[in-house]
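> sharing a sequence plus its predicted fold:
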Amino acid sequence: MTRADQRADTDALNTRFVTDTEPHRRELLAHCYRMVGSVHEAEDLVQETYIRAWRAYRKFEHRSSTRTWLYAIATNVCLDALTDHRQRVLPSGLGGPYHGPTAPPDPDSTGEFSWLQPFPDALLTPPANNPETLVIDRESLRLALVASLQHLPPQQRAILMLREVLAFSTAETAQILGTTRASVKSGLQRARTRLAELHSAPADLIEPSDPRARTLLAGYIAAFEHSDTNLLEQVLRADATLEATPFKNWYEGRASCIRQLSTYILGTPGDWRMLPTRANNQPAVITYHRNPHGILTPYGVAVLTLTPTGITRVVAFQDPNLVAAFGFPPTPPH
């Protein structure tokens, strides 16, 4: 075979690879995120998945579907990464409330913990010129559920995701993980039992597209931008909880939440600028904060859990890098 023939063969192989694998990229990103709890790390793991897949593609005999083959690679890439991985948590997953409801925010100044990250819904939306027919299970990306998953052993986490979310059979799951059907069945039962202990969600959650959600989100944004505790009183439920990374404590009850926000966060009108977005299939806001020089700079993301009677949970992520990860500019539009 001449060099020209070799290049043509490689080009043809590359075209087939892209055609076969690229439609699955977004669902693999969601899968890796559920496994590791970090959007940045999930992107790296998907990249590693595609590198491994490309290296093995010439020998791939299509005895299973391309999707199953890619999930086998991606799941094992994640399990490899989790071998020496610190568990990603939210403050409420540490126990709590930390030091009681009136304690000042207690930062993780030593970097003792790895924190869960939110997932931008926009990453699941295919380009307009390349629509995908696959429907990704967005409910399985709810922040509270992903936070609970991080408390499962990695193997149980993988079994639960493959069986319950992705609907692989017991046999397929065993093949992907290189284990037995009996191990899959017992692992799934243990994972279900543990997850039931860890995770519960309000029965009356409303979707981001619900007009009531848009009203509550607008009220939350206005409360911050105008430093208005009365507005917070109107949009937060009596049983609302508040937590923020990288702080180790969290607060429950509307009065406690408002006390913390008004004492340490709200500042004066104009200190905050917020833009609506969506994360983890929930309403969210991109946050900018005015620095000592009077310039609004990236601050992070806050994810809200909403019910018809108000906001029941606020999880804020103080990480300026997330603003760019969500596709927003370094300075907010005027």
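Ah, there it is. All figures in this text were calculated on a predicted structure; none of them were measured in a lab.
> CA atoms for contacts and neighbours, from now on please.
Fine.
> residue ranges in the chain under the pLDDT threshold?
Residues of the chain that meet the criterion pLDDT under 70 lie in 1, 4-6, 8-9, 96-99, 126-135.
> hey, where'd the strands end up in the stretch 51-200 of the chain?
Taking DSSP state E, counting those that start in this stretch as the test, the strands found in the stretch 51-200 of the chain are 88-89, 114-115.
> which elements pack onto the first one?
Spelled out, it's strand 88-89. Packing partners of strand 88-89 (3 or more CA pairs under 8 Å, 6 or more residues apart in numbering; DSSP states H and E): strand 114-115.
> does anything pack onto the strand it packs on? Which helices or strands?
Counting by 3+ CA pairs under 8 Å, 6+ apart, the packing neighbours recorded for strand 114-115 are strand 88-89.
> one step back: from the strands of the stretch 51-200 of the chain, which stretch is densest packed?
Most buried of the strands of the stretch 51-200 of the chain, by mean neighbour count (mean count of other CA atoms under 10 Å): strand 88-89, with a mean of 20.
> partners of it, with directions?
strand 114-115 (parallel) (DSSP bridges).
> who touches the partner strand?
Strand 114-115 is contacted from outside by Arg86, Gln87, Arg88, Val89, Leu90, Thr245, Pro246, using CA atoms under 8 Å, 6 or more residues apart in numbering.
> all helices for the stretch 1-150 of the chain, in order.
3-21, 25-36, 39-57, 66-81, 143-149 (DSSP state H, counting those that start in this stretch).
> try the stretch 201-334 of the chain
For the stretch 201-334 of the chain, the helices defined by DSSP H, counting those that start in this stretch occupy 211-225, 229-235, 254-260, 321-325.
> and those: which comes nearest Arg142?
Arg142 lies closest to helix 211-225 among those, at 15.6 Å (CA to CA).
> and the closest one, what does it pack onto?
With contacts taken as 3+ CA pairs under 8 Å, 6+ apart, helix 211-225 sits against helix 229-235, strand 272-279, strand 282-290, strand 296-307.
> how close does the closest residue to Val323 other than its chain neighbours sit to Glu41?
Excluding its sequence neighbours, the residue lying closest to Val323 (CA to CA, 6 or more residues apart in numbering) is Gly300, at 5.8 Å. In this view, Gly300 and Glu41 are 17 Å apart by CA to CA, to the nearest Å.
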